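>>> This is a predicted model, with the sequence first.
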Amino acid sequence: MTPDTVTAQRHWVWTPKAEEANPKRSRAGDMVLQQYSKEAPKKWLEDGLIVDKSEYVKEGQMEIYDLLEG
């Protein structure tokens, strides 16, 4: 980890704010780009574009991964 990156407990997912800003590339709750799944730019977190999967609350149906990672 470098000073300009943050490390996820599970992996980073996009937030609704990221989806609003860039709906063609970012869907809320989906994992960020593979190369940033564990370590991502600190600015993304500060800007509210990403959140750790363990902290993300998704409305609607549960995914199998939620049970496996639980």
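Now that the structure is in, tell me what you want to look at.
>>> where does the protein have low pLDDT?
Applying pLDDT under 70 to the chain flags the ranges 1, 60-63, 65-66, 69-70.
>>> Who are the contact partners of Trp44?
Residues near Trp44 by C-beta atoms under 8 Å, 6 or more residues apart in numbering: Trp12, Ala18, Val32, Tyr36, Ile50. All C-beta atoms are positioned from the backbone trio N, CA, C, and that covers glycine.
>>> could those residues be laid out in a markdown table, adding neighbour count and secondary structure?
Converted to a markdown table, these look like this (neighbours: other C-beta atoms under 10 Å; DSSP: H, G, I helix; E, B strand; the rest coil):
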| residue | neighbour count | secondary structure |
| --- | --- | --- |
| Trp12 | 26 | strand |
| Ala18 | 22 | helix |
| Val32 | 20 | coil |
| Tyr36 | 16 | helix |
| Ile50 | 26 | strand |
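>>> and these as a markdown table, adding distance to Thr2?
Below are the contacts of Trp44 laid out as a markdown table (distance: C-beta to C-beta, whole Å):
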| residue | distance to Thr2 |
| --- | --- |
| Trp12 | 15 |
| Ala18 | 22 |
| Val32 | 17 |
| Tyr36 | 13 |
| Ile50 | 16 |
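>>> Quick check: which element contains the spatially most central residue of the chain?
Using C-alpha atoms, centre = their mean, the residue of the chain that lies closest to the mean C-alpha position is Val13, 1.4 Å off. Using DSSP states H and E, Val13 sits within strand 12-14.
>>> how about the helices of the protein, start to end?
16-21, 42-46, 64-69 (DSSP state H).
>>> so which of the ones you listed gets nearest Thr7?
Nearest to Thr7 among those is helix 42-46; the distance by C-beta to C-beta comes to 10.2 Å.
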